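Chemist: Just a sequence and a predicted model for now, questions to come.
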Amino acid sequence: MDEMSSYLGWKIDFSQPVGEMSLQHPSSVQWRIFKNPIALGIGGVVAVLLEFADARIRSGVWDHSTYKADPIGRSKRTGVAAMVGVYGPQSAARRVIQGVTNMHGRVNGLTPGGVEYRAMDPDLLDWVSATAAYGFLNAYDRFVAPVSDADKDRYYRDGATVARLYGVQYTPRSTADFMAMLDQRLDRFEPHPIVEEFLAIIQSGKAAPGTPRFLHRALARASVSLLPNKVRDKLALGPAFDLTFFDRMALRAVAGFIEKKPDRNGPPCQASVRLGLPFDFLYQNSVQQEQALRAAGLLSDPVADAA
């Protein structure tokens with residue numbers, strides 16, 4: 001993804017307009033986590049698995065999206081929407097989010113069991129938002145670098161800024177809150193062939209060509225490993241999806257390498273420069289980051305005032 005990404009035909013320049021704040025502050029845990037594509041890849045699959053456990057969301061995605069026919073394009077669009085919500089200028093982020101919301105407004109139907117669903121149902125919006133938060137956070141914590149309990153809580157709290165723009169009414173403020181949401185929905189969860197079909201697409205590498213296939217298999221297993229055990233049991237994802245020692249080491253090695261390699265043309269670096277920070281701001285130590293934020297006049301958090 002470069003600085004001129006696009007979504008639904010809109011060009012998104014993460015480097016412009018100079019000085020325009022993003023929806024998430026540069027000091028946020030989101031800025032730290034979203035810079036790592038391995039964490040985003042694993043976390044995104046975790047989120048989909050948690051969503052597909054509910055027949056209403058599973059039917060809505062599988063019947064109304066292009067994922068089966070165009071997993072590459074669908075994955076890229078999802079990635080752009082996620083990145084612009086964290087790093088993009090607020091004007092671009094709001095435009096993309098409105099576009100996503102407009103599409104969701106047209107999604108409705110019946111599950112194979114005859115249950116009515118609509119994508120803009122607040123209950124479904126709340127769950128989709130929560131699963132993404134849980135997936136990205138835990139993927140980074142497990143396979144990139146540990147996240148403190150305080151930062152986990154801050155991550156959940158700060159995520160409400162973007163979630164509200166999608167129409168989300170309730171966002172968990174901690175891991176315990178997320179687990180409480182999950183428990184309320186657990187009775188609805190069920191296994192389904194679409195879940196394994198989705199994991200087969202991930203393992204095949206179709207969603208991200210050019211990456212070694214073993215890494216895709218490892219990513220799929222890592223995603224399953226982050227599911228709470230009671231969800232994995234509900235989805236009947238057996239030993240074939242167990243994470244191996246090699247899987248874990250390979251993912252951590254790749255994620256660790258990427259974590260130290262800023263990409264000048266990527267959204268995290270472009271957004272940093274847009275806000276008057278060094279291009280490698282997110283790859284500096286905490287003291288250097290604080291100095292850079294102070295120099296750019298960004299030690300206070302204006303996002304809370306703008307939300």
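Modeler: Okay, I see it. Numbers count the residues shown, from 1 in each chain.
Chemist: Could you tell me how many residues sit around the residue nearest to A133 when sequence neighbours are not counted?
Modeler: Using C-beta to C-beta, 6 or more residues apart in numbering and skipping the chain neighbours, the partner closest in space to A133 is G159 (5.0 Å). Where C-beta positions appear, they are placed from N, C-alpha and C, glycine not excepted. Using other C-beta atoms under 10 Å, G159 is surrounded by 26 other residues.
Chemist: tell me what the one helix or strand G41 maps to is packed against?
Modeler: Secondary structure from DSSP states H and E places G41 in helix 37-52. If you count contacts as 3 or more C-beta pairs under 8 Å, 6 or more residues apart in numbering; DSSP states H and E, helix 37-52 packs onto helix 55-64, helix 71-87, helix 122-143, helix 193-204, helix 213-225, helix 229-235, helix 245-259.
Chemist: So what's the residue count around L186?
Modeler: L186: 13 surrounding residues under other C-beta under 10 Å.
Chemist: what about the helix holding G41, average pLDDT?
Modeler: Taken as a whole, helix 37-52 has a mean pLDDT of 93.
Chemist: Using CSV, list the CA coordinates for that helix.
Modeler: Written as CSV, here are the backbone C-alpha positions of helix 37-52 (Å, rounded to 0.1, in the frame of the first residue of the first chain):
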residue,chain,number,x,y,z
PRO,A,37,1.1,-5.9,8.4
ILE,A,38,1.6,-9.3,10.0
ALA,A,39,-0.5,-8.2,13.0
LEU,A,40,-3.1,-6.8,10.7
GLY,A,41,-3.2,-10.0,8.6
ILE,A,42,-3.6,-12.3,11.6
GLY,A,43,-6.0,-9.9,13.4
GLY,A,44,-8.2,-9.5,10.3
VAL,A,45,-8.7,-13.2,10.0
VAL,A,46,-9.4,-13.5,13.7
ALA,A,47,-12.1,-10.9,13.3
VAL,A,48,-13.7,-12.6,10.3
LEU,A,49,-13.8,-16.0,12.2
LEU,A,50,-15.5,-14.4,15.2
GLU,A,51,-18.0,-12.7,12.8
PHE,A,52,-18.6,-15.8,10.8
